[in-house]
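Peer 1: With the sequence up front, the predicted model follows.
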Amino acid sequence: MHPVYPAVTLSFLLASVEAIAQVTATTNKTSEPVAQKTAQSADNKEQEKSEIKVDAKVTMPAIPRPVDIADMAAWKAINSVVVSANGAWAAWRLAEADGDANMVVKSLSDKEEYVFPAGQGTGTIEFSEDGQWMAFTAHMTKKEQDAAKKAKKPIQAKVTLVDLKTGKATTLEKIAKFAFANERGGWIALHKASDVAAPPTAPASPVVPAGAAPTPARAKGTDLLLKNLKTGSSLNIGNVSEFEFDHQGRYLAYIVDANDKAGNSIVVHTVDSGVSQVLDDGDANYQKLLWNDKGNGLTVLKGIEDKSYEDKLWNALGFRLEANHQFTKTLVDPLKLKDFPVEMTISGDAQPRWSQDFAWISFGIKETKKKPKDDKKDAAPEADEKVNLVLWHHQDKRLPTQQKVQQETDKKRSAAAIYRIAEQKFIRVGDEKLTMVNLPLIGDWALAQDDSEYQRQTSMDGRRFSDVYSVSLKTGERRLLNKQASWTFGLANDGRHYLHYEDGQFISIEMATGKRHNLTANLNTSFVNVEDDHNIAKPPVVPFGWSTDSRFVLLSDGWDIWKLAVDGSKAIQLSTDGKRDQIRYQRRLTLDPNEKGIDLSKPQYFSAYGEWTKKAGFLRLDVNGNTKRLAYDDVSYRRLLKAEKAEVFLLSKETAIAAPDLYVSGDQFNDARKLTDLSAQEKNYTMGSGAMLVNYVGTDGKKLQGALFLPANYQAGKSYPTVVYIYEKLSQGLNAYVQPAVGGGGFNRAYYTSHGYAVFNPDIAYRLNDPGVSAKESVLPALEAAIATGVVDAKRVGLQGHSWGGYQTAFLVTQTDAFKAASAGAALTNMISMYSLVYKNSGSTNQAIFESSQGRFLGAYNDHWEAYVRNSPVFFAKKVNTPLLMLQNDVDGAVDYTQGVEYFNTLRRAGKNVIMLEYPGENHGLVKKPNQKDYMQRMKEFFDFHLKDKTAPEWLNKGVAWLKMEEHLKDRASLVKAAEPKPEVKADTKADDKKAPEVKTQ
């Protein structure tokens, strides 16, 4: 369950993806020209990959070496995992970081496995409901895409369709979308992509003279191929812009959008009989087609051109399935509704929906915009005669910069409304103030929020509030339920209650009467998130959610799971060992993507995490209320999936040195069988040697931990050069695998451990008004404890951090000489000058970040001057004795460019050893691959020089003159460039050749 309108949720500075999310790259490259049926044993695979072929007769074992940046492009990872509904098959993309992917399709009951080329990119993977077929989005290879971009040709996806009985695959080109016929199976719809390529950059909109007819918009329709998978026959339907099968797969609904609106319509095709019926047609455009959950109703928008208005005037259409495959139509036309607001229309951007009982159709409404009069005086002035102004006013609820960033959202914003069928009555639910509306599909009340009174203050201090209302879906009557609420969670599934949180208590509130039921007041536990050390009063532990029957809500006290009756009459502690054993049951795992609430008539699974052991596993909650901890070990789990109609589970398991391979298991996870072997690609490289958990006492005497990752070929009793990587709390990543990968933050743990470094990730706890001082009080004791293990060489320790970690790095070197070198990426350096600047990525002010988010200050700098000063690195620059490498990009939208320049110039003026790297045009984290590789290489050279006594490159000692930079970069390009693959000489393998499944291209 997510808060409908949470309190402070502003994120501060984006953390380095590599260390915070512990994610791996998700794209891949393959050398397989056709689908390949895999039959060789795992042992043979390993042997093949761990050998270097010298000639056709002689092989020599590879000598492991450290991973280079050039190697990372080909490093494989698993992503987009799918399991068939019957649990018989699984499929996943095996993708290189910067290359092509293979699609692996594997039987979960025998050794059958198929491998197909998938090109570079992601997309849909889907099994037919009967488990007989699968299909996936495929792409051009990286090489083909690079060539197409250079030639300014379109890059279009395709679909590969696989017969799972034979492994035969058919590839269809230029397919934008596909879908199997849901529960029916046996059919697939394939939607052709447009042949028109989108321009690389959008051209400026031409000025249309007043009175002139605008250029007609190009029709969106393309061919839709409906294929019978049993017979092989196909039906080609032209000019289709949208399509969707109903849940049971009986009907295919589609929209016709043709040139000149010739034949534009909404059509339903009965799959079995082949009969089609036009539900509505006309000189109009249709969009936003949607079936309801049961597949017995659908909705769509119908847009009609009106020369008096700039945009179309929209109607909402609802169709309900009756007997004999016939549909009845409901038309919602604003011009025919007496209560519909004047000069408003139905929004073309909001999805219309049926209520579950077909009592009403919901939609959005917005103001119309009339075209200017046909008057020469209104003709647009020349560009150089226009006034160019942005007006900042103290009463603005949002800064102009924020309004600019959010302008597209603002343009599409609409007010919620419904049309009641039986009463033929229009009811407006939302308006210009009630902009946040939660409309249930069942029940008589909507949950609406008005934050207009608080927006201006929120934009400054980050504390979010709203007035909460219930709105009758029968009369439109509004009832104020909560004034100035901070935490509003979702409606129950029956729409009769909503969950509210205030002052440490969870409260269910009746929508009809406003009656309040305190669910937690009498319980001997707390639901306050005491781990949240931001400047927020009593933040809650986020609830798990409502039960499907709306009788209960499941909560967490940070450790255990509680089931509370909606009226407060009953409270059951479902797990009893969480707090006792210091295990956090952190989140419920959603195994059914279509679920409507928590179905307590089925087993439920929760993640289990050992607060001080870092072990991980699952908790199974059975229907009878019994709980059992499963697969709990010194590992980390990245995913858990369940087959829809079988007790078959897929999960991934990893450690610091074991890649996240896939396993198949039953519902108890005690028989997990390994499906993949990602470690095979590590055979030729030196990798990390494991991890150690380090305990210490940090800020304000708090017990903290750090994860110490051991270098390749680690030997007990030997000390190693170490890089300390910091952000906030990172010890939870003790058992997380990090693959060698190039990223936007420049630092990669696997890269450094591969090259003989230890890497230390300590936790940081914070005290309000002292973010920098708190970092010092946590990191330095952590370093002492790490040194005490004997692994860390105290004389060769570096410090690195990006974003918030960059700030703490920049601050720590003003407070200690414990680090021999430090690298600070995108670092905030002056709390005072940064406070009132604009966070350009969102357009909002930084003030909220300082007072309610990572800054953790109790107010503005003019109220807490000394606190802001003592936590700002720039004011202590003279104390820096540590060589510092900085990164600060000129269009950083999170930490202003001037922060880096200010600190650099202050350090330079003080005679300090500082270098700043700037990659023009880059934002907070580097995006361009060449820049990512260059930064990664330079950071490594910087630490190698200071921590390993390697020879410094010239740029590090002397810098590079402006006029010589181009030549310098050209000379360095070879350092990170992957070598071209050499042709492989193979021995005669005729006896070992396998016949690959046939692949056809259409």
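Peer 2: Alright, I've got the coordinates.
Peer 1: drop to CA atoms for contacts and neighbour counts, all remaining ones
Peer 2: Noted.
Peer 1: isn't Ser872 right next to Met831, touching?
Peer 2: Yes - Ser872 is within contact range of Met831, at 5.4 Å (criterion: Cα atoms under 8 Å).
Peer 1: State the three-state secondary structure for Asn957.
Peer 2: What DSSP: H, G, I helix; E, B strand; the rest coil gives for Asn957 is helix.
Peer 1: State the distance from it to Lys840.
Peer 2: Using Cα to Cα, to the nearest Å, one gets 34 Å for the distance from Asn957 to Lys840.
Peer 1: Number of residues surrounding the closest residue to Val694 other than its chain neighbours?
Peer 2: Using Cα to Cα, 6 or more residues apart in numbering and skipping residues adjacent in sequence, the residue nearest Val694 is Gly706, 5.0 Å away. Gly706: 26 surrounding residues under other Cα atoms under 10 Å.
Peer 1: Does the helix or strand containing Leu630 pack against any helices or strands, and if so which?
Peer 2: Taking DSSP states H and E as the criterion, Leu630 maps to strand 627-633. When contacts are defined as 3 or more Cα pairs under 8 Å, 6 or more residues apart in numbering; DSSP states H and E, strand 627-633 sits against strand 616-621.
Peer 1: Please work out the average pLDDT along the strand it packs on.
Peer 2: For strand 616-621, mean pLDDT rounds to 98.
Peer 1: Contacts for that strand, please.
Peer 2: Residues lying outside strand 616-621 but in contact with it, judged by Cα atoms under 8 Å, 6 or more residues apart in numbering, are 574, 585, 603-610, 627-637.
Peer 1: May I see the buried residues of that strand?
Peer 2: Residues 616-621 are the ones in strand 616-621 that count as buried (16 or more other Cα atoms under 10 Å).
Peer 1: Any idea how far stretch 443-458 is from the middle of the chain?
Peer 2: With Cα atoms, centre = their mean, to the nearest Å as the basis, stretch 443-458 stands 26 Å off its chain's centre.
Peer 1: Moving along the chain from the strand holding Leu630, name the first helix or strand you hit.
Peer 2: strand 636-642.
Peer 1: Which strands and helices lie in contact with that following strand?
Peer 2: For strand 636-642, the packing partners by 3+ Cα pairs under 8 Å, 6+ apart are strand 76-83, strand 616-621, strand 649-654.
Peer 1: higher neighbour count, Asn957 and Lys840?
Peer 2: Lys840 (19 against 10).
Peer 1: and the next element down the chain from the helix or strand Lys143 falls within?
Peer 2: Secondary structure assignment for Lys143, by DSSP H and E: helix 142-150. Going down the chain from helix 142-150, the next helix or strand is strand 158-163, by DSSP H and E.
Peer 1: Do a quick rundown of the strands in the stretch 651-800 of the chain.
Peer 2: 661-665, 673-674, 690-697, 703-710, 720-725, 758-762, 792-802 (DSSP state E, counting those that start in this stretch).
Peer 1: Need those strands in JSON lines (columns: mean pLDDT).
Peer 2: Listed next are these as JSON lines, based on pLDDT from 0 to 100:
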{"stretch": "strand 661-665", "mean pLDDT": "98"}
{"stretch": "strand 673-674", "mean pLDDT": "96"}
{"stretch": "strand 690-697", "mean pLDDT": "98"}
{"stretch": "strand 703-710", "mean pLDDT": "98"}
{"stretch": "strand 720-725", "mean pLDDT": "98"}
{"stretch": "strand 758-762", "mean pLDDT": "98"}
{"stretch": "strand 792-802", "mean pLDDT": "98"}
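Peer 1: what about Ala383, how many residues close to it?
Peer 2: Ala383 has 8 nearby residues by other Cα under 10 Å.
Peer 1: do the same with Ala323
Peer 2: Neighbours of Ala323 using other Cα under 10 Å come to 6.
Peer 1: Quick check on it: phi, psi?
Peer 2: phi -70, psi 160 (degrees, to the nearest 10).
Peer 1: and what of Trp487?
Peer 2: Phi and psi for Trp487, reported as degrees, to the nearest 10, are phi -130, psi 110.
Peer 1: May I have the beta-bridge partners of it?
Peer 2: With DSSP bridges as the criterion, Trp487 is bridged to Tyr501.
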